[in-house]
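>>> I'd like to go over a predicted model; first the sequence, then the structure.
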Amino acid sequence: MRSTAMPRDWSEVQLRDVAHVYSGGTPSRAVPRYWDGEIPWVTTAEIDSVYITDSREKITSEGLNASAAKLAKPGTLLLAMYGQGKTRGKVAILRIAASMNQACAAIEAGSKVDENYLLHFLTARYRIIRGMSNSGSQDNLSGDIVKSIAVALPPLPEQRAIGKLLSDADDLIAALEAQIAKRRDVKQGMMQELLTGRTRLPGFSDEWSEVTLGDHVSYLRTVALSRDQLNRDFPLRYLHYGDIHTRKSNLLDAKAEVMPRVDVKLAGKASRLRPGDLVFADASEDPAGVGKSVEVTDVPTEGAVPGLHTIAARFDKDVLADGFKAYIQFIPYFRSALLRLAAGTKVLATTRAYISSITLRLPSTPEQSAIGHVLRDADAEIEALEHRLESARVVKLGMMQELLTGRSRLPVEEGA
């Protein structure tokens, strides 16, 4: 049925009317010569970005011919028909010639539809397409279901204009993602060099000294409260271990950031955090979370307290400089020592005794401050790129909502 909200010069068709839809296949795993060839073979797990430029596995020409696998040309759309979690219903476009397994629906656009327009239209209909799944032990789409997807079509010149505009937005997003990945790799390399002393910053040449952390730390009182005991109305900020694990930054401005809050009466005698305090999450189910910590950079007048499953450490400032403490979790020896001490338990624990027992080679506090400044600059650059990326995604989403429904129209030249 035609949508009453659709512009009058648009039409509504089924996907089968404007595209050729087929699925792939899998060569026998029992025949080694069918595999490790030169033909890309795509699975639904790889339909996770707009463009597909490679595949994890390759098959041979013999494997292609001996199975239901088919070779699709560049520009073919792939839609995930099977897949747990968020996979089912996702769509991407091939930038290469590739084969695919039977869980992928290949969609070759015909002469009446622009492939880039169709890509973005199906992407915008992700939840609707998922809702068309068969019921059973596992919700799946089928070839017939995919062919029956309703597609709203503006005139072909407008399709091309919409497709190009949204593809340009995708290119910007992809470029920003690549920049962020590169800057993260650069920062990781900087930390490996600067935090181990393999590379020194200009002006520093003094020998590093060994410091046993327990000789230079005092631990603060924490208060264990559930999420149900917190809200946004009380004045006192509360730092929960879950909020340490989920945050990107290893610096915490408790004065400026939105945080859970707690009644002063419930906080009891919990210590108030100060700038420079380092707060660890004391438990992690994942080795990557062992040693995860945040350094407090500022606190509000109302105060902030360390909460459930945290260890709040106040180190001597003439041993660990403010702005550097946030990065000791990335010192390879520090993390490996905590992992070794925590080994053998289902939940990997970090304890005060573990932290205190660790001896680190550390530079002078002036060099620590300089290292911290360099790493914070790198963090700020990544954060700025992430803000640009988020803005680009929001802008693209807004364009899709307007252009793919006909609420906003693009000017198209006659004969385009």
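Ah, there it is.
>>> pull out the buried residues from the longest strand seen in the chain.
What stands out as the longest strand in the chain, according to DSSP state E, is strand 35-42. If you call a residue buried by 16 or more other CB atoms under 10 Å, then strand 35-42 has these buried ones: W35, G37, I39, P40, W41, V42. (C-beta placed from N, C-alpha, C; glycine too.)
>>> likewise for stretch 60-78?
T60, G63, L64, A66, S67, A69, L71, A72, T76, L77, L78.
>>> from the opening residue of stretch 66-74 to its closing one, how far?
Stretch 66-74 has an end-to-end distance of 22 Å (CA to CA, to the nearest Å).
>>> who does the next helix or strand after the longest strand of the chain touch, helix- and strand-wise?
Proceeding N to C from strand 35-42, the next assigned helix or strand is strand 51-52, under DSSP states H and E. Counting contacts by 3 or more CB pairs under 8 Å, 6 or more residues apart in numbering; DSSP states H and E, strand 51-52 packs against strand 91-94.
>>> could you verify my assumption that V18 touches L153?
Yes - using CB atoms under 8 Å, V18 is in contact with L153, at 7.1 Å.
>>> and for those two, which residues touch both?
Common contacts of V18 and L153 (CB atoms under 8 Å, 6 or more residues apart in numbering): K112, V113.
>>> so how far is stretch 118-136 off the chain centroid?
22 Å (CA atoms, centre = their mean, to the nearest Å).
>>> other residues contacting it?
18-19, 50, 77, 79, 88-93, 107, 109, 139-142, 145, 148-149, 151-152, 162-163, 166-167, 400-401, 404.
>>> quick one, helices of this protein?
Taking DSSP state H as the test, the helices found in the chain are 15-18, 61-65, 115-124, 126-130, 143-147, 156-194, 241-246, 264-267, 332-342, 352-357, 365-403.
>>> just name the most buried of those.
Highest mean neighbour count of the helices of the chain: helix 115-124, a mean of 23 (counted as mean count of other CB atoms under 10 Å).
>>> can I get the CA coordinates of it in CSV?
What follows is helix 115-124, C-alpha atoms only, in CSV (Å, rounded to 0.1, in the frame of the first residue of the first chain):
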residue,chain,number,x,y,z
GLU,A,115,22.5,1.4,-5.7
ASN,A,116,23.7,4.1,-3.2
TYR,A,117,20.1,5.3,-2.7
LEU,A,118,19.0,1.7,-2.1
LEU,A,119,21.9,1.1,0.4
HIS,A,120,20.8,4.1,2.5
PHE,A,121,17.1,3.4,2.2
LEU,A,122,17.6,-0.2,3.5
THR,A,123,19.9,1.0,6.2
ALA,A,124,17.2,3.4,7.4
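>>> and it, how far out from the chain's middle?
Worked out by CA atoms, centre = their mean, helix 115-124 lies 23 Å from the chain centre.
>>> in space, what's closest to I355 - neighbours in sequence excluded?
L213 (5.8 Å; CB to CB, 6 or more residues apart in numbering).
>>> show me the contacts for the one you found.
L213 neighbours (CB under 8 Å, 6+ apart): F315, I355, S356, S357, I358, T359, L360.
>>> ok, the fifth one - how many residues close by?
So that's I358. If you count neighbours by other CB atoms under 10 Å, I358 ends up with 19.
>>> and it, backbone torsions?
Backbone torsions of I358, given as degrees, to the nearest 10, read phi -80, psi 130.
>>> and the pLDDT for it?
Per-residue pLDDT puts I358 at 97.
>>> same question for L156.
96.
>>> pretty sure it sits against D114.
Yes - taking CB under 8 Å as the definition, L156 is a contact partner of D114 at 6.6 Å.
>>> in the stretch 51-200 of the chain, where is pLDDT below threshold?
135-138 (pLDDT under 70).
>>> what about 80?
Applying pLDDT under 80 to the stretch 51-200 of the chain flags the ranges 83-85, 134-139.
>>> how is this structure divided into domains?
11-153, 154-202+365-416, 209-362 (automatic domain parsing).
>>> quick one on the thing from earlier: tell me which of the helices of the chain lies nearest to F234.
Closest to F234 of those is helix 264-267 (CB to CB; 7.4 Å).
>>> which residues sit against that closest one?
V223, L225, Q229, F234, P235, L236, Y238, V305.
>>> using PDB, list the CA coordinates for it.
What follows is helix 264-267, C-alpha atoms only, in PDB (Å, rounded to 0.1, in the frame of the first residue of the first chain):
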ATOM      1  CA  VAL A 264      25.300  13.100  52.600                       C
ATOM      2  CA  LYS A 265      23.800  11.000  55.300                       C
ATOM      3  CA  LEU A 266      24.300   7.800  53.300                       C
ATOM      4  CA  ALA A 267      27.900   8.700  52.500                       C
END
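>>> all numbers from here: first residue = 579
That works, and once the first residue is 579, the last one we named lands at helix 842-845.
>>> could you give the mean pLDDT of it?
93.
>>> what does stretch 969-981 give?
97.
>>> I'd like the distance between the closest residue to D748 other than its chain neighbours and T622.
Using CB to CB, 6+ apart and skipping residues adjacent in sequence, the residue nearest D748 is V628, 4.8 Å away. Distance of V628 to T622, given as CB to CB, to the nearest Å: 15 Å.
>>> and L856, how many neighbours?
Neighbour number of L856 under other CB under 10 Å is 24.
>>> hmm, it is touching F902, no?
No - assessed by CB under 8 Å, L856 is found out of contact with F902, at 10.1 Å.
>>> out of the domains of the chain, which gets nearest to A583?
Of all the domains of the chain, domain 732-780+943-994 comes closest under CB to CB, at 7.0 Å.
>>> excluding its backbone neighbours, what's nearest L963?
I758 (4.9 Å).
>>> same check, this time on E964
I758 (6.3 Å).
>>> how much space is there between the one you found and S627?
14 Å.
>>> mind listing what the closest residue in space to L981 that isn't next to it in sequence touches?
Closest residue in space to L981, ignoring its immediate chain neighbours: I740 at 4.8 Å, by CB to CB, 6+ apart. By CB under 8 Å, 6+ apart, the contact list for I740 reads D692, Y695, H698, P732, L981, L982, L988.
>>> let's see it at 7 Å
Y695, L981, L988 (CB atoms under 7 Å, 6 or more residues apart in numbering).
>>> wait, doesn't the residue nearest to D748 sit right on A670?
Yes - counting by CB atoms under 7 Å, A670 is a contact partner of V628 at 6.0 Å.
>>> show me the contacts for the closest residue to N694 other than its chain neighbours.
Closest residue to N694 apart from its sequence neighbours, by CB to CB, 6+ apart: G741 at 3.0 Å. By CB under 7 Å, 6+ apart, the residues touching G741 are D692, N694, Y695, H698.
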